[in-house]
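Enquirer: no FASTA, just this:
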C-alpha cells in the first residue's frame, strides 16, 4: 500500500533536516521521494562508500553497524544518509534491513536539482545543519 500524499509530507516534515520547510517546499521534496519495498537482509548503504541517496523508513527495521559492530536499530520514521548526501562524504555506517521495509528514497541528483530550483529549501537545510552543529550555549 502506497503512502497517501499527506502521510508522505508528514513523514518528510518529521525529518529534522526538512523541519523548517513550508508545505509547498515539502511537496517539492515529496515529488522526488520514491517509495520502495526492500526485503530483509538487504544492505542499503555501506560504510566508507560514496553517498548517492537519502532514506526515510516508513515501516520495518534496519540495523546500523560501524566497523562491523551493531550500534542501533532503526524503525518507521527514522532516516539516514542525509549528511553524506549533503556533504558529499563517504558513508559513516552500514545499514542493513532486519525485516522487510518500506522506505522513501531521494537520490543525490534529484536532491541537487530541487535545491537548485528552490534555493529557499537549501537555506532552510543549511540553517538546520548549522543549528545541529552550534554549541548548546555560549
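Expert: Yep, that arrived. Computed from a predicted structure; not experimentally measured.

Enquirer: What residues of the lowest-mean-pLDDT helix or strand in the chain count as buried?
Expert: Across the helices and strands of the chain, the lowest-confidence element by mean pLDDT, DSSP states H and E is helix 82-87, at a mean of 77. Of the residues in helix 82-87, 82, 84-86 count as buried by neighbour count, 16 or more other C-beta atoms under 10 Å. No exception for glycine: its C-beta is placed from N, CA and C like everyone else's.

Enquirer: Pick the one among those closest to residue 132.
Expert: residue 82 (10.5 Å; C-beta to C-beta).

Enquirer: Against residue 56, how distant is that closest one?
Expert: 9 Å (C-beta to C-beta, to the nearest Å).

Enquirer: so what sits against both of the two?
Expert: Counting by C-beta atoms under 8 Å, 6 or more residues apart in numbering, the contacts common to residue 82 and residue 56 are residue 15.

Enquirer: quick one: which of the buried residues of helix 82-87 is nearest residue 99?
Expert: Residue 99 has its nearest neighbour among the buried residues of helix 82-87 in residue 82, at 22.3 Å by C-beta to C-beta.

Enquirer: Who are the packing partners of the least confident helix or strand of the chain?
Expert: strand 53-59 (3 or more C-beta pairs under 8 Å, 6 or more residues apart in numbering; DSSP states H and E).

Enquirer: How far off centre is the following helix or strand past the strand it packs on?
Expert: Following strand 53-59 in sequence order, the next helix or strand is strand 62-66 (DSSP states H and E). Centroid separation for strand 62-66 versus its chain: 15 Å, with C-alpha atoms, centre = their mean, to the nearest Å.

Enquirer: Need the contact partners of the next helix or strand after strand 62-66.
Expert: Next helix or strand after strand 62-66 toward the C-terminus (DSSP H and E): strand 69-74. Residues outside strand 69-74 that contact it (C-beta under 8 Å, 6+ apart): 57, 61-65, 80, 93, 95, 98.
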